[in-house]
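J.: I need the structure of the sequence given here:
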Amino acid sequence: MAKGAVIPIVINKKTFMDKDQEPEESVEPEVEKSEPIAESEPSPEVEESPEENLPHLEDKTKKPAHHQLWQKYLTHKRWTIPASVVLVMGLVVLIPWTRYHTAGLVLKKDAIIVIKDSVSNTPVSGATVSDGSSSSETDGNGKAILRSLSVGHHTLTVSKKYYKDGKTDLLVPVLKAKNTPNLSIVATGRQVKIKVTDFVNGGGLSNVDIEVAGTDAKTDKNGEALVVVPAGVATQTTNLSFNGYNSLKTTIKVSDNSVAQNNLKLVASGKVYFLSKLSGTIDIVKTNLDGSGRQTVLPGTGKEDDTDTILLASRDWGYLTLLSTRDGDKAKLFVMNTNDDKLLTMDEGDATFTPVGWYNHYFIYTVGRNGYNAWQPNAFSIKSYNADTGQLATLANTNASGSSNYDAQYEAIWNTIIMGNDVVYSRTWYKYPGYTQVSGQQNVLSAIHPDGTNSRQLKSVDSSTSYISNLRLNKPSELDFSVYDSGSSNSTYYVLDKQGNVNQSSDLTDKSFYNEATTYLASPSGQQTFWQEERDGKNTLFIGDQDGGNPKQIASLSDYDTYGWYTDNYLLVSKNGSELYIMSKNGLSDELKALKISDYHKPDRSFYGYGGGYGGI
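T.: Numbers count the residues shown, from 1 in each chain. Sure, this is the predicted structure:
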């Protein structure tokens, strides 16, 4: 071939053929044979590589446009992928005829429906609601929750004894439902309304289980329920049960002419314990809070001291302490666990036991040992008993020195008081036959925790001139005391605050100090207090915070005295020193009364100022 001639290229016609066309035979033209073209002498008519102008030959280094777009999408995936999800969901929402079918394949939601009575329009509890795959029972407010339904349309069926079955369509939306759907069903029996309230405070009780005529119901948030029973009977036996309350079996009225209203009361579970001499001996008795279910827990033996048999309950009523001569001529201290009402001996011996009171489940008391000479140490002790473990601990012992009465020097412990987390007491030195001026010693005010830890002195004075004479609780965690100076025959008054600081008081006088102190009864949680103040010859009752602050008057000019708490919701009060009542902590009114539990036996002895347990005042 001559120099500079163009080489003809055969292109298969199929390369550019439409996909629907039939292929034709390609005719390959003849190529004239010639000498090869020299590489160093390219044809002047061909300036570029032939491949660049041929559509069937791709550039292996250059990416297609759609591939470049994909690379950009992935590079910015932090916002492109979420945007795509939003776009897809938006399309689903904007196309109603596809959104539920599509979303229902992956989206599940809880659905709520309320079932009501067709006549009274009140909630129907205990009805079964089902869509065929899942079911739920309506609560006291008539509400049923069907879990994990696919979004879209469902057909629900509703059934309950003494009602016609109901059916309705329910749409589970992709977005949040605007309204809660409801369905009314028709009763086939007689409708009866029941309201359940707390026996003491009158408040409605929600979610109380009601069984009547083979069907179940629950009270709503107001303590009300509608039940349907068979026609033709005037009464029905009903069982009520509710956590924290005694079960009740009673009879309700049924009417053929109207919806009968039945008001029922439940009594909080638990027992209150007290001494009773109804049998002729001093027994320990327990009853329900309404006085029902009376039981004699521990019969008296007839040996009990009529005026000095003492029963003190811990704040949670978990334990009782009994001081009694029930099995001999010497008084013993006993403890009773109210879980099983078993009586155990706490302490005994040739001694005089004096209760101080409960601190949680520690019982504090003093022991005066008989037969000790003045010069002998340990004649008097303060002890604690851990009712949970049964362990005794000695918190303090008296000291003494000498060899006979004539040279004896000895300590006495007075005014032992439970204040906050401490047992606070005073020590005074004497010399025979009872003089308080003792050289070389210190009279002190001390404190110790009920478990025997953190013993410390709060104040000390020279025993040759002064002594700490009296202690009294001014507030639950504030104690007043006096220091008597024998030289001036005057008393100086001090205040011990809840932080353990001792400061001299400028307000207290002999007259104000020796007025009877207020007894603040602490609630089981320790967060509330209950006390009384005398006004115009009658008692005004208050509750306040743990320090006796923020008082709220709950009764005025009443005949009731404070007695204790039962849980943090109820107050115990006494009347005439022998009648035990229970009342709401919300106070007395025309609607709320103090309800009598029982008569009881009260010894002559009272524990004024002691607020760590109940039964002592």
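J.: Which of the helices and strands in the chain ranks last by mean pLDDT?
T.: Lowest mean confidence among the helices and strands of the chain (mean pLDDT, DSSP states H and E): helix 96-103, at a mean of 53.
J.: Only C-alpha atoms, please: export whatever helix or strand comes next after that helix in PDB.
T.: The helix or strand immediately downstream of helix 96-103 is strand 108-117, counting by DSSP states H and E. Extracted C-alpha coordinates of strand 108-117, given in PDB (Å, rounded to 0.1, in the frame of the first residue of the first chain):
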ATOM      1  CA  LYS A 108     -44.900  -2.300  64.900                       C
ATOM      2  CA  LYS A 109     -46.700  -0.100  67.400                       C
ATOM      3  CA  ASP A 110     -48.700  -0.500  70.600                       C
ATOM      4  CA  ALA A 111     -52.400   0.300  70.100                       C
ATOM      5  CA  ILE A 112     -54.800   1.600  72.800                       C
ATOM      6  CA  ILE A 113     -58.600   1.300  72.800                       C
ATOM      7  CA  VAL A 114     -61.100   2.100  75.600                       C
ATOM      8  CA  ILE A 115     -64.200   0.000  76.200                       C
ATOM      9  CA  LYS A 116     -67.300   1.600  77.700                       C
ATOM     10  CA  ASP A 117     -70.800   0.500  78.800                       C
END
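J.: Offset the numbering so it begins at 787, please.
T.: Understood, numbering begins at 787; the last thing we discussed is strand 894-903.
J.: Which SSE is immediately downstream of strand 894-903?
T.: Using DSSP H and E, the next helix or strand after strand 894-903 towards the C-terminus is strand 914-916.
J.: residues in contact with that next one?
T.: When contacts are defined by C-beta atoms under 8 Å, 6 or more residues apart in numbering, strand 914-916 is touched by residues 899, 901, 921-924, 930, 932, 942-946. No exception for glycine: its C-beta is placed from N, CA and C like everyone else's.
J.: Give me the sheet partners of the helix or strand harbouring M1132 and which way each runs.
T.: Take DSSP H and E as the rule and M1132 turns out to sit in strand 1128-1133. Sheet pairing of strand 1128-1133 (DSSP bridges) gives strand 1118-1123 (antiparallel).
J.: May I see the buried residues of the strand it pairs with?
T.: K1118, L1119, F1120, V1121, M1122 (16 or more other C-beta atoms under 10 Å).
J.: hey, C-alpha coordinates of the very next helix or strand once past the strand holding M1132 in CSV?
T.: Using DSSP H and E, the helix or strand that directly follows strand 1128-1133 along the chain is strand 1137-1145. Provided in CSV are the C-alpha atoms of strand 1137-1145 (Å, rounded to 0.1, in the frame of the first residue of the first chain):
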residue,chain,number,x,y,z
ALA,A,1137,-32.3,-5.9,139.0
THR,A,1138,-34.7,-3.1,138.3
PHE,A,1139,-35.3,-2.6,134.6
THR,A,1140,-36.5,0.8,133.3
PRO,A,1141,-37.5,1.2,129.7
VAL,A,1142,-36.2,4.2,127.8
GLY,A,1143,-37.6,3.4,124.4
TRP,A,1144,-37.1,2.2,120.8
TYR,A,1145,-34.6,3.5,118.3
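J.: got the buried residues for strand 1137-1145?
T.: By 16+ other C-beta under 10 Å, the buried positions in strand 1137-1145 come out as A1137, F1139, T1140, P1141, V1142, G1143, W1144, Y1145.
J.: Convert the C-alpha atoms of the helix or strand just after it to PDB, please.
T.: Scanning forward in sequence from strand 1137-1145 by DSSP H and E, the next helix or strand is strand 1148-1155. Taking Å, rounded to 0.1, in the frame of the first residue of the first chain, the C-alpha atoms of strand 1148-1155 are listed here in PDB:
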ATOM      1  CA  TYR A1148     -32.800  -1.200 119.100                       C
ATOM      2  CA  PHE A1149     -34.500  -1.100 122.500                       C
ATOM      3  CA  ILE A1150     -32.800   1.100 125.100                       C
ATOM      4  CA  TYR A1151     -33.200   0.600 128.800                       C
ATOM      5  CA  THR A1152     -31.400   1.000 132.100                       C
ATOM      6  CA  VAL A1153     -30.500  -1.600 134.700                       C
ATOM      7  CA  GLY A1154     -30.200  -0.900 138.500                       C
ATOM      8  CA  ARG A1155     -28.600  -3.900 140.000                       C
END
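J.: Other residues contacting strand 1148-1155?
T.: Applying C-beta under 8 Å, 6+ apart, the contact partners of strand 1148-1155 are 1098, 1100, 1105, 1107, 1119, 1121, 1132-1133, 1135-1144, 1164-1173, 1181, 1199, 1202, 1204, 1209, 1236-1237.
J.: The same query, at a cut-off of 7 Å, please.
T.: With contacts defined as C-beta atoms under 7 Å, 6 or more residues apart in numbering, strand 1148-1155 is touched by 1107, 1119, 1136-1143, 1165-1173, 1202, 1204, 1209, 1236-1237.
J.: quick one, what contacts S1342?
T.: Counting by C-beta under 7 Å, 6+ apart, S1342 has contacts T1326.
J.: and it, which of the three is it?
T.: strand (DSSP: H, G, I helix; E, B strand; the rest coil).
J.: Helices along the stretch 1187-1336 of the chain, start to end?
T.: Along the stretch 1187-1336 of the chain, the stretches classed as helices by DSSP state H, counting those that start in this stretch are 1296-1299.
J.: for it, what spans make up the strands?
T.: Secondary structure of the stretch 1187-1336 of the chain (DSSP state E, counting those that start in this stretch): strands located at 1195-1205, 1208-1217, 1228-1234, 1242-1248, 1252-1261, 1264-1271, 1276-1282, 1288-1290, 1307-1308, 1314-1321, 1324-1331.
J.: Next, the angle strand 1228-1234 makes with the fourth one.
T.: If you take axes from the mean of the first three to the mean of the last three C-alpha atoms, to 10 degrees, strand 1242-1248 sits at 170 degrees to strand 1228-1234.
J.: Now do the buried residues in strand 1242-1248.
T.: By neighbour count on 16+ other C-beta under 10 Å, the buried set for strand 1242-1248 is L1244, K1245, V1247.
J.: Please put the alpha-carbon coordinates of it into CSV.
T.: Taking Å, rounded to 0.1, in the frame of the first residue of the first chain, the C-alpha atoms of strand 1242-1248 are listed here in CSV:
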residue,chain,number,x,y,z
ARG,A,1242,-18.2,10.9,123.5
GLN,A,1243,-18.5,13.7,126.1
LEU,A,1244,-20.6,16.7,125.2
LYS,A,1245,-20.0,18.8,128.2
SER,A,1246,-18.2,18.5,131.6
VAL,A,1247,-18.2,20.5,134.8
ASP,A,1248,-16.2,20.4,138.0
